[in-house]
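Trainee: Need coordinates for the below:
(3 chains)
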Amino acid sequence: MPELPEVETIVTGLKANLLGRRVKELVFISPHLKKKQLPGAFRPEAYRRRKILDIWRRGKMIVFRFDGQLGLLVHLKMTGQLFLADPARKIDKHTHARLTFYGLKKELLFRDIRKFGFLNCLALSQIEEKIKTDLGPEPFEISLNDFRYLLKRHGQKRLKNWLLDQKIIAGIGNIYSDEILFRARLSPFRLAGSLTEEQAVRFYRAARRVLEEAIALKGSSISDYVDAMGEKGGYQRRHRVYARDGQLCPRCHREKIVRQKINGRSTFYCPACQL
DNA sequence: ACCTTCTCCTGACAGC
DNA sequence: TGCTGTCAGGAGAAGG
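Mentor: Alright, predicted model coming up:
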């Protein structure tokens, strides 16, 4: 579900409510979360009385920093949700973890229908190491020059796969890759190394603009996504190609939006104006 | 290095 | 109503 704009929105909400809070208790409700812990993981009890000093996003991951160099790494994958709920809310079978705090009525719930997501209890140093090996630069931090370098370096990859590869650029998923390529007027099948200078600049700017606009509208809610307060986003109303196959291209009006699998992922594009 | 396919898991929806 | 197949925002593994 959540790509960069959705995770960014969640983190903004979490920070507003949780910075400086001290943990009462972290509870794993479902046993599968325990199985996903990495070697060297802390037990949930280690989080008692720890204070949240910072929360941030890296790619599609959420990182919590507690005192004592303790960290928490969360990935929501397809259907994960991390939101503050009233304690009176019933815990359904898809709710897998709960975090409670001193002096806060709401509790933080981790819910995930498909159970692809994880919540890893690690030292902050372990999290930083994992991020360093698993993720490429952030779309908002990379320079145009570095962006161009990465296009050449992975020049044999199709643009669609290039955007989806978290080791090249972190945070972009299936929705935003299609929206970015549409905005940049580039075909998802183009090889990354084949872009002209002008196209590379357009591509770089399109990525930033699409992600910025999506953040401004608090992300896209297709089915499961909600922010930290349990609210839906609004960017799905602005999607120009994603899930719009069969509709006339909103830009050139010459062809219908086509849906085609690339790398096992449905890809939507206009065959007339994305070249 | 890159591609495709399969895999983890649950639920929604289309077609019969 | 109920079956079967397909699809879904992610991403790692395996094989070509």
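Trainee: Quick one: distance of the longest helix along chain A to the chain centre.
Mentor: When chain A is parsed with DSSP state H, its longest helix is helix A:197-216. Using C-alpha atoms, centre = their mean, to the nearest Å, the mean C-alpha position of helix A:197-216 is found 17 Å from that of the whole chain.
Trainee: Could you do stretch A:267-275 as well?
Mentor: 24 Å.
Trainee: okay, how far is it across it, tip to tip?
Mentor: Stretch A:267-275 stretches 15 Å from its first residue to its last (C-alpha to C-alpha, to the nearest Å).
Trainee: What sits closest to the closest residue to DNA strand C within the stretch 151-275 of chain A if chain neighbours are left out?
Mentor: The nearest approach of the stretch 151-275 of chain A to DNA strand C comes at A:G173, 1.8 Å away (C-beta to the nearest atom of the strand). Where you see a C-beta, it was placed from the backbone N, CA and C, and this is true even at glycine. With C-beta to C-beta, 6 or more residues apart in numbering as the criterion, A:G173 has its nearest non-adjacent residue at 3.7 Å, and that residue is A:E3.
Trainee: mind listing what the one you found touches?
Mentor: A:K60, A:G171, A:I172, A:G173, A:N174, A:I175, A:Y176, A:G219, A:S220 (C-beta atoms under 8 Å, 6 or more residues apart in numbering).
Trainee: And for A:T100?
Mentor: So A:T100 contacts A:V23, A:K24, A:E25, A:P87, A:E107, A:L108 (C-beta under 8 Å, 6+ apart).
Trainee: Pretty sure it sits in a strand.
Mentor: Yes. Membership of A:T100 in a strand is supported by DSSP: H, G, I helix; E, B strand; the rest coil.
Trainee: Look up the residues forming beta bridges with it.
Mentor: A:E25 (DSSP bridges).
Trainee: following the longest helix of chain A, which helix or strand comes up?
Mentor: strand A:258-262 (DSSP states H and E).
Trainee: before we move on, back to that, what would the contacts of A:T100 look like in JSON lines with pLDDT?
Mentor: Below are the contacts of A:T100 laid out as JSON lines (pLDDT from 0 to 100):
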{"residue": "A:V23", "pLDDT": "98"}
{"residue": "A:K24", "pLDDT": "98"}
{"residue": "A:E25", "pLDDT": "98"}
{"residue": "A:P87", "pLDDT": "96"}
{"residue": "A:E107", "pLDDT": "98"}
{"residue": "A:L108", "pLDDT": "98"}
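Trainee: burial measure for A:K157, as a count.
Mentor: 19 (other C-beta atoms under 10 Å).
Trainee: Tell me the predicted confidence for it.
Mentor: The score at A:K157 is 97. That number is its pLDDT.
Trainee: And the strands in chain A, which stretches?
Mentor: Here chain A has its strands, by DSSP state E, at A:23-28, A:52-58, A:61-66, A:70-75, A:80-85, A:95-101, A:107-112, A:118-123, A:258-262, A:265-269.
Trainee: List of residues touching the third one?
Mentor: Which is strand A:61-66. Applying C-beta under 8 Å, 6+ apart, the external contacts of strand A:61-66 come out as A:7, A:10-11, A:14, A:23, A:47, A:50-57, A:71-76, A:82, A:124, A:127, A:131, A:135.
Trainee: How about the last one?
Mentor: Contact with strand A:265-269 is made by A:160, A:164, A:174, A:177-178, A:181-182, A:187-188, A:241-245, A:257-261, as judged by C-beta under 8 Å, 6+ apart.
Trainee: cool, the fifth one as well?
Mentor: Contacts of strand A:80-85 from elsewhere in the structure, counted by C-beta under 8 Å, 6+ apart, are A:1-2, A:10, A:13-14, A:17, A:62, A:74, A:76, A:106-112, A:116-117, A:224-230.
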